[in-house]
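Colleague: got a predicted structure plus its sequence, pasted below:
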Amino acid sequence: MPYYQLSAPLQPLPEPPSAWDRVLAVLTPEAAAAAPLPEQLKPPSHLAQPDQLRYCRVDFDAGRILGALHIPARAKQPAKSLAFVWEGSNVLVLASEETGAALLAQVLAMHPHDQGGAGDFLVDLLTALIQDGLPYIQQLEERAAQLEQEILAGNTDRFIHRMSALRKELNRCNRFYAQLNDLADTLLENAEDLLGPESAQRMGHFGRRVESLRGESQMLREYASQIASEYQAQIDIGQNRIMKVLTVVTTLCLPLSLIAGWYGMNFAHMPELQWAYGYPAVILVSAGILLGSLWYFRKKNFW
C-alpha cells in the first residue's frame, strides 16, 4: 500500500485520500509524478529523482520541510537514497520500491508512536536508518583486527587493497553520521514547534545516538591508521634485515677483494709466487679471514 493514515500504528489506505489530513504517501518517483498529490507535497526538481542524491540534508521552503537521505554502500549492500516532503500533517516519501518497502517495514516493526503524527513518523524513519549502525561498526572493527593479526603474523598479502577498502567504508560511514547529526540539529533548531514536545525529545535522543556512532567510527578510523603504521613498520623491519645481510656480505667480501686485487697487480718478483706453498697459504688466509669475520659478526649479533 502506498498510502497510510498517520496513526499508532500506521493504517493502510486502499486508495489516494480525497482529503489529505495526517496522510503518509510512500511512492516511487514515477508514481509520484502521476499521483493526485496536494500542490505543497509535490517534490521540487532536485528531489524528484532520489537515486541521484549523494548527501543527507534538510531544507525549508514556503512552510514545508524538504529532506534528502543517502545511505552509503556497505560491503555487501548497495547505496540507497530517498527524499521526503513534510507539509503540515502530511508526509511524502520518495524512494525506489525496494528501498521504500524495506524502510517502511522497519518503521512498522518499531514501537508505535503517535504523539506528533508526521513528526513522529520522521523520527522513526531516521531511527530506522541507524538501527544496525553499531553492529556494522563492530563488523568493521573485526575486519580491522583481523588485518592487524595478519600483519603481526607476517602476512601482508593484498594488505594495501584491503586497508583501502576498509578506509573508504569508514570515511563513508563517518560522513553519513556527520550529515545525519547536522540534519537532526537543523530540525531541532528550526522545526521544534512542528515536531511537538515528544517528537522533539525523541529527535534529540536520535541526535545523541548519531553522535555516539560518529564517535565510534572516528575511533575506528584512528585504529585503522595505527594498523597502517604497523604495516609500514613491518616493511621497514624487513628492509632493515635485508640491508643488514647485504652489509655483512659486503664486509666479508672486502678482505677477499683486497687479496684478489693485491695478487692481481701482476708483479713478476712477488716472493709468494716463488714459494711452493704460496697458493695454499693464500687460500688458508682467505678462509681464515672469512671464518674470523663470521665469528665476529655472530658474536656481535650482526648475523
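Modeller: Nice, I can see it. Numbers count the residues shown, from 1 in each chain.
Colleague: drop to CA atoms for contacts and neighbour counts, all remaining ones
Modeller: Fine.
Colleague: check the offset of the biggest helix by length in the chain from the chain's centre.
Modeller: When the chain is parsed with DSSP state H, its longest helix is helix 192-263. How far helix 192-263 lies from its chain's middle: 15 Å, per CA atoms, centre = their mean, to the nearest Å.
Colleague: got it, and stretch 55-72?
Modeller: Centroid displacement of stretch 55-72 relative to its chain, using CA atoms, centre = their mean, is 24 Å.
Colleague: next, Arg57: phi, psi?
Modeller: phi -160, psi 170 (degrees, to the nearest 10).
Colleague: what's the pLDDT at it?
Modeller: Note for Arg57: predicted pLDDT of 93.
Colleague: go on, Gln77?
Modeller: Confidence score, pLDDT, at Gln77: 82.
Colleague: next: the one 4 residues further on.
Modeller: Predicted confidence (pLDDT) for Ser81: 95.
Colleague: the one 5 residues further on now?
Modeller: According to the prediction, Trp86 has pLDDT 94.
Colleague: how many neighbours does it have?
Modeller: 22 (other CA atoms under 10 Å).
Colleague: what of Asp120?
Modeller: Neighbours around Asp120, by other CA under 10 Å: 23.
Colleague: and if you look at Arg158?
Modeller: Neighbours around Arg158, by other CA under 10 Å: 8.
Colleague: mind checking how far it is from Ala233?
Modeller: Using CA to CA, to the nearest Å, Arg158 is found at 16 Å from Ala233.
Colleague: and Lys42, by the same measure?
Modeller: As judged by CA to CA, Lys42 and Ala233 stand 57 Å apart.
Colleague: neighbour-wise, which of those two wins?
Modeller: Per other CA under 10 Å, whichever of Lys42 and Ala233 has more neighbours is Lys42, with 18 against 13.
Colleague: how far away is Gly288 from Pro255?
Modeller: 11 Å.
Colleague: the two - which one has more neighbours?
Modeller: Neighbour count, other CA under 10 Å: between Gly288 and Pro255, Pro255 has more, with 15 against 12.
Colleague: what about the more buried one, distance to Leu134?
Modeller: In terms of CA to CA, Pro255 sits 65 Å off from Leu134.
Colleague: which element is the residue lying closest to Tyr223 once chain neighbours are set aside on?
Modeller: Leaving aside its sequence neighbours, Tyr223 sits nearest to Ala144 (CA to CA, 6 or more residues apart in numbering; 7.8 Å). Element membership of Ala144, judged by DSSP states H and E, is helix 133-152.
Colleague: mean confidence for stretch 163-175?
Modeller: Mean predicted lDDT for stretch 163-175 stands at 93.
Colleague: and what of stretch 280-296?
Modeller: Computed over stretch 280-296, the average pLDDT equals 80.
Colleague: give the buried residues for that stretch.
Modeller: Within stretch 280-296, the residues scored as buried using 16 or more other CA atoms under 10 Å are Ser286, Ile289, Leu290, Ser293, Leu294.
Colleague: which elements pack onto the helix or strand containing the second one?
Modeller: Just to be clear, that refers to Ile289. Using DSSP H and E, Ile289 sits in helix 278-299. Counting contacts by 3 or more CA pairs under 8 Å, 6 or more residues apart in numbering; DSSP states H and E, helix 278-299 packs against helix 192-263, helix 271-274.
Colleague: rebuild the ones you listed as JSON lines, extending it with distance to Pro38 and mean pLDDT.
Modeller: Formatted as JSON lines, the helices and strands packed on helix 278-299 follow (distance: least, CA to CA, whole Å; pLDDT from 0 to 100):
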{"stretch": "helix 192-263", "distance to Pro38": "19", "mean pLDDT": "86"}
{"stretch": "helix 271-274", "distance to Pro38": "112", "mean pLDDT": "66"}
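Colleague: please identify the deepest-packed of those helices.
Modeller: Each of the helices and strands packed on helix 278-299 was assessed for mean neighbour count using mean count of other CA atoms under 10 Å. The highest is helix 192-263, with a mean of 16.
Colleague: what helices and strands are in contact with it?
Modeller: helix 118-129, helix 133-152, helix 159-190, helix 278-299.
Colleague: next one: Tyr55 relative to Gln77, how far apart?
Modeller: 17 Å.
Colleague: which one's more surrounded, those two?
Modeller: Ranked by neighbour count (other CA under 10 Å), Tyr55 and Gln77 place Tyr55 first, with 17 against 8.
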